[in-house]
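Colleague: Need the 3D shape of this:
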Amino acid sequence: MFYTHPASGERFYLCTLLTAVKGATSYEDLHTVNGVTHATFQEGCIAHGLLADDNEWRLCLQDAGAMQSGHQLCNLFVTILCDCSPSDPAALWLQFWTQICDDLHWTLQQKNICQNPTEEDVFDYGLYLIDKHLSSSSGNKGLEHWPTMPQPQQNWALHVGNCLIAEQLGYDAAEQTHLAEEHIPKLNEE
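Modeller: The predicted model follows:
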């Protein structure tokens, strides 16, 4: 039976299986456990008990979600990706994306990036921010380094534009109008 060579993201798991599974004669044998052939070498490692599940990271994000902002959770998620090697980062993202992105609906509107963001826009913008954070903090690694993670679909960099201008435009117009109405009558005539 012909089997394709594993992708670079799976090579670590392949090497782990090669050192642990005795008598395997094919790639398929390596990720077959108790007669069940798993889809990836990573799943095979988990089934063989060679990898722990992500319960520790799940509990960490759950506890942090009770007291941290979305921005802080985003930083924590990036730290988990870079430093902790979760076995299924996509599952963690899918479970916690709403907490990680809890303030992004407001951010998209306030920074004039998207006036009526949908849930899909918020999800995608959250992925963009994680990818951007990964690129700046982990030696130019992006989400593509984790093949199971979804990738941003929109070109948010085009929408965001110059971050300095976006920051200056990120004010509450109603609040500024109220402050102007309140303080203009207090100005002297000169």
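
Colleague: Please count neighbours and contacts with C-alpha atoms only from this point.
Modeller: Fine.

Colleague: In space, what's closest to Pro86 - neighbours in sequence excluded?
Modeller: Distances taken as Cα to Cα, 6 or more residues apart in numbering put Asp54 closest to Pro86, at 5.9 Å, once the chain neighbours are dropped.

Colleague: show me the contacts for that neighbour.
Modeller: Under the criterion of Cα atoms under 8 Å, 6 or more residues apart in numbering, the neighbours of Asp54 are 86-88, 92.

Colleague: how close does it get to Pro117?
Modeller: According to Cα to Cα, to the nearest Å, Asp54 and Pro117 sit 31 Å apart.

Colleague: and if you look at Glu190?
Modeller: Separation of Glu190 from Pro117 (Cα to Cα) stands at 45 Å.

Colleague: Looking at the contacts of Asp54, spot the one nearest Leu179.
Modeller: Within the contacts of Asp54, the smallest distance to Leu179 is 43.3 Å, found for Leu92 (Cα to Cα).

Colleague: correct me, but the closest one touches Arg58?
Modeller: Yes. Using Cα atoms under 8 Å, Leu92 is in contact with Arg58, at 6.6 Å.

Colleague: From the contact counts, what lies against the longest helix belonging to the chain?
Modeller: Longest helix in the chain by number of residues (criterion: DSSP state H): helix 119-137. Judged by 3 or more Cα pairs under 8 Å, 6 or more residues apart in numbering; DSSP states H and E, the packing partners of helix 119-137 are helix 70-84, helix 89-100, helix 104-110.

Colleague: hmm, back to that, between Glu190 and Pro117, tell me which one has more neighbours.
Modeller: Pro117 (17 against 3; other Cα atoms under 10 Å).
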